[in-house]
Structures are given as structure tokens and as C-alpha cells.
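Peer 1: heads up, no residue letters with this:
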């Protein structure tokens, strides 16, 4: 038979248990002698604040995706920055760049903020036009796919391509069609090397090739990769300290996907061998790019790229008729219709805006959709109050 405890003993026991529970709970919260805790590491230094770069030199190389980069530069700078503009649409290309080809340039006059239209690069001449703290960057592409694109786009202006009945015929015997020094034939061999303004050297002269490539790395703080365009934009945004919205862009000057032929391994190898200087340049800059990407961090890169693509897709759905690109001839608005090559049989894609967009949203969408030539004319009128010339 159990003997009931007196009420006072029960109350004292319950109180003692309550005190123990409360003390244990407090020790868990505060950490006490019953629990060994690892001290938190001291906070590291905060990242230094950055300021958006407003002095920018972009060397737009041919057939590398540079038109898409020019669009984001036009948009960023079009709200008050001063562009170094050509009198026409290129700075005297294929001649080397000269400062006097910039509209409104005068020696000792105020420098410009952004230069981004086609030129054959000359560092000393560009430095006459741009401030000393300018950020120099460019873009490169696998010379095999670049050469295929150039063959389709420049058939009318490159004699070596015009004489060849097909790309396969050209690759079978390039020397049969190619004549060095003939005007327009710079499009047919080592086009990136030419655009960077590098001297003609023998591909087998490794020392001369290495010296030329090293000069590119000294002049340019960054070189993007066309094949990894979104990763390039992520790294560019960080380097320029620009807001995310500034580097969201629609692809420009593209061909329909089905119109781009698939090159065989043999064709790729022959095109790289024919463009050996470009292949050496691309290989070196490719390795430099991935070192920068590794320092940025693979997980961080994947997250940034995914966010960039989501933003682009959302804007395409909001802005564009059909939600994406259209063949140039199908775009009724001449302000948005892209330039079409004189020969080649492939329509370059562009964009048409959705009907019913509100005024502010329509303006934003139009800036993203406007092709390079029309945008250049807008900037020209804004800076000089007139139209454009037709010369380079």
C-alpha cells in the first residue's frame, strides 16, 4: 500500500524540478560549463565598395557576338554618357583606327566615355580619345565557327569566299581561292588577329605569336568568350560594377538556328589550321577566361547565370511578339529591322515588340530590341543633333 506524500513535500519537489529545468534551459541558451562551444571566428573584412565604371573601350570583333554587347553598352551609356562615334558606322575599317575618325574629336578636347563600334584596333590612337582609367575589353570565338559564319555573311565582299562555290570547296583548297592583300580578303583568314591590329607573323614563329598575344593581354583587362556568353556577362558585370539589369540583353545579329550548318570534326580541324593565328590567340585567351571564372567560383557562377537567363526570358515574354526573335523581313518597323547581308541567303534575326505595351515599358523593351545601326543613329542625333554619314 502506497503512502501518499504530504502536500508540502510534493510542492517542494515540483519547485526543485522546475528550477533545474529552467537553469538547464538558460545554460543551453547562454552556453555554460556543462557545454563546450567553439568560439565564432572574428568577422572578415567587408568587400571594398565599387563604383560603376563609366569609361569603357570595347573592341567589337567580327562574327563573335559583339552586337549583343554593343546593345548593352548603348543602353547603359545612352542616359548621359558621351560616345566616341564614327562618322558612318565603322571607324574607317579595315584601315587601322585613327583618333580623327571619331566624330567631334579634337586634340586636347574633352575625352569620351565609351567607344564600341567596329575598328581595327590601335592602342595608341584609342588612348588619344579615351580617358586613362578606361576599362578595355573584347570578345573572341572559336575560329572554326567564326570562319563558317564569316563565309556565310561576307560572301559578297571577300573575293576568296565569293570565288568558292561552297564552304566545302573552299576548305578543300583554300589557297586556290585566297589571295593575300586583296581588299576584303581579311575576312577570309585570321579575322580576329586582324581586328586586334596584330602584325602579320608566320604561324610557326612561336616567339612572335606569343609576343603578340601577350600584347593583347596587356592592353585588355578582359576578353569574353562567345561560346560562354552568359558566363562572360556575369564576369563583365562584376568587373564593371554595373547593376544586373545593365547586362541583361537579347541576342543580336544572329541567324536562325536551323540555318547554321553543323561542322564535322574534319572541317573544324581544317578551319582552325587555316586560321592558325586566330586559333593561337583564342586558345590563350580561353585559358585566361577560365582562370578568372574559377576565381569567381563555380557555384556562384551557376547561380548568377541562372538568374541572368531567367531575367532575359521574363523580359522576352513581356516585350517581344512571339516571345523571341523573328526573321528580319518579317519585322515591319524599320527602326527594329536588322541589317541584312547583301548575299548569303540567310535572314538575320531581329525583334518586334508586343502591341499594347505601356509607354515606359515600350521604351525599355525598344532599347533592348533596337539593332546596332539604328541605335548608333539615335546616339548620333542625341549628341550632334543630326543624322549619320555613309562613310567609315
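Peer 2: Alright, I've got the coordinates. Computed from a prediction, not measured in an experiment: that's the story for all the values here.
Peer 1: what's near enough to touch residue 67?
Peer 2: Counting by CB atoms under 8 Å, 6 or more residues apart in numbering, residue 67 makes contact with 60, 252, 253, 371, 372. The way it works is simple: take the backbone N, C-alpha and C, and place the C-beta from them, glycine included.
Peer 1: just the buried subset of those residues, please.
Peer 2: For these, a burial check counting by 16 or more other CB atoms under 10 Å picks out 60, 252, 253, 371, 372.
Peer 1: in a markdown table: these, plus distance to residue 103.
Peer 2: Listed next are the buried ones among the contacts of residue 67 as a markdown table, based on distance: CB to CB, whole Å:
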| residue | distance to residue 103 |
| --- | --- |
| 60 | 17 |
| 252 | 23 |
| 253 | 23 |
| 371 | 20 |
| 372 | 16 |
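Peer 1: secondary structure added to those residues, as JSON lines?
Peer 2: Output for those, formatted as JSON lines (DSSP: H, G, I helix; E, B strand; the rest coil):
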{"residue": "60", "secondary structure": "coil"}
{"residue": "252", "secondary structure": "coil"}
{"residue": "253", "secondary structure": "coil"}
{"residue": "371", "secondary structure": "coil"}
{"residue": "372", "secondary structure": "helix"}
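Peer 1: pLDDT check: weakest of these?
Peer 2: Among the buried ones among the contacts of residue 67, residue 253 has the lowest pLDDT, at 93.
Peer 1: element containing the closest residue to it other than its chain neighbours, please.
Peer 2: Nearest non-adjacent residue to residue 253, counting by CB to CB, 6 or more residues apart in numbering: residue 67, 3.9 Å away. Per DSSP states H and E, residue 67 falls inside helix 66-77.
Peer 1: output the contacting helices and strands for the helix or strand following that helix.
Peer 2: Per DSSP H and E, helix 66-77 leads on to strand 114-115 as the next helix or strand towards the C-terminus. Judged by 3 or more CB pairs under 8 Å, 6 or more residues apart in numbering; DSSP states H and E, strand 114-115 is in contact with strand 56-59, helix 66-77.
Peer 1: off-centre distance for the shortest one?
Peer 2: Going back to what we said before, that points to strand 56-59. 11 Å (CA atoms, centre = their mean, to the nearest Å).
Peer 1: and what of stretch 333-344?
Peer 2: Relative to the centre of its chain, stretch 333-344 is centred 22 Å away, using CA atoms, centre = their mean.
Peer 1: list the buried residues for that stretch?
Peer 2: With the criterion 16+ other CB under 10 Å, stretch 333-344 contains buried residues 336, 337, 338, 341, 344.
Peer 1: burial check on the nearest residue to residue 368 once chain neighbours are set aside, number of neighbours?
Peer 2: Computed as CB to CB, 6+ apart, the closest residue to residue 368 that is not its neighbour in sequence is residue 250, at 5.3 Å. Residue 250 has 22 neighbouring residues, counting by other CB atoms under 10 Å.
Peer 1: ok, residue 250 touching residue 75?
Peer 2: No. Contact criterion CB atoms under 8 Å: residue 250 and residue 75 do not qualify, at 11.0 Å.
Peer 1: what is in contact with those two at once?
Peer 2: Contacts common to residue 250 and residue 75, judged by CB under 8 Å, 6+ apart, are residue 368.
Peer 1: returning to that earlier point: now do the helix holding residue 67, average pLDDT.
Peer 2: Mean predicted lDDT for helix 66-77 stands at 97.
Peer 1: do the same with stretch 380-392
Peer 2: The average pLDDT for stretch 380-392 rounds to 68.
Peer 1: pull the helix or strand with minimum mean pLDDT from the chain.
Peer 2: When the helices and strands of the chain are scored by mean pLDDT, DSSP states H and E, helix 7-30 comes last with a mean of 41.
Peer 1: how far does stretch 91-99 sit from the chain's center?
Peer 2: With CA atoms, centre = their mean, you get 23 Å for stretch 91-99.
Peer 1: contact partners of it?
Peer 2: So stretch 91-99 is contacted by 86, 101-102, 105, 107, 117-122, 125-126, 128-129, 183, 186, 194, 197, 392 (CB under 8 Å, 6+ apart).
Peer 1: quick check on those: which are buried?
Peer 2: Applying 16+ other CB under 10 Å to these flags 86, 101-102, 105, 117-122, 125-126, 128-129, 186, 194, 197, 392 as buried.
Peer 1: quick check: which ranges of this protein have low pLDDT?
Peer 2: 1-48, 342-346, 386-392 (pLDDT under 70).
Peer 1: and with 90 instead?
Peer 2: Along the chain, segments meeting pLDDT under 90 span 1-50, 79, 108-111, 256-261, 328-329, 340-347, 385-392.
Peer 1: where do the strands of it begin and end?
Peer 2: Assigned by DSSP state E, the chain shows strands spanning 56-59, 114-115, 135-140, 222-225, 326-327, 349-350.
Peer 1: export the ones you listed to CSV and tack on distance to residue 289 and mean neighbour count?
Peer 2: Output for these, formatted as CSV (distance: least, CB to CB, whole Å; neighbours: other CB atoms under 10 Å):
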stretch, distance to residue 289, mean neighbour count
strand 56-59, 15, 24
strand 114-115, 22, 26
strand 135-140, 9, 23
strand 222-225, 5, 22
strand 326-327, 32, 18
strand 349-350, 26, 24
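Peer 1: quick one: which of these is nearest residue 267?
Peer 2: strand 135-140 (19.7 Å; CB to CB).
Peer 1: sheet partners, orientation included, of that closest one?
Peer 2: Partners of strand 135-140 in the sheet, by DSSP bridges, are strand 56-59 (parallel), strand 222-225 (parallel).
Peer 1: just so I know, which of those lies nearest residue 169?
Peer 2: strand 222-225 (30.1 Å).
Peer 1: separation between the nearest residue to residue 292 once chain neighbours are set aside and residue 53?
Peer 2: Residue nearest to residue 292 in three dimensions, not counting chain neighbours: residue 235, with 5.9 Å by CB to CB, 6+ apart. Shown here: residue 235 relative to residue 53, a distance of 13 Å by CB to CB, to the nearest Å.
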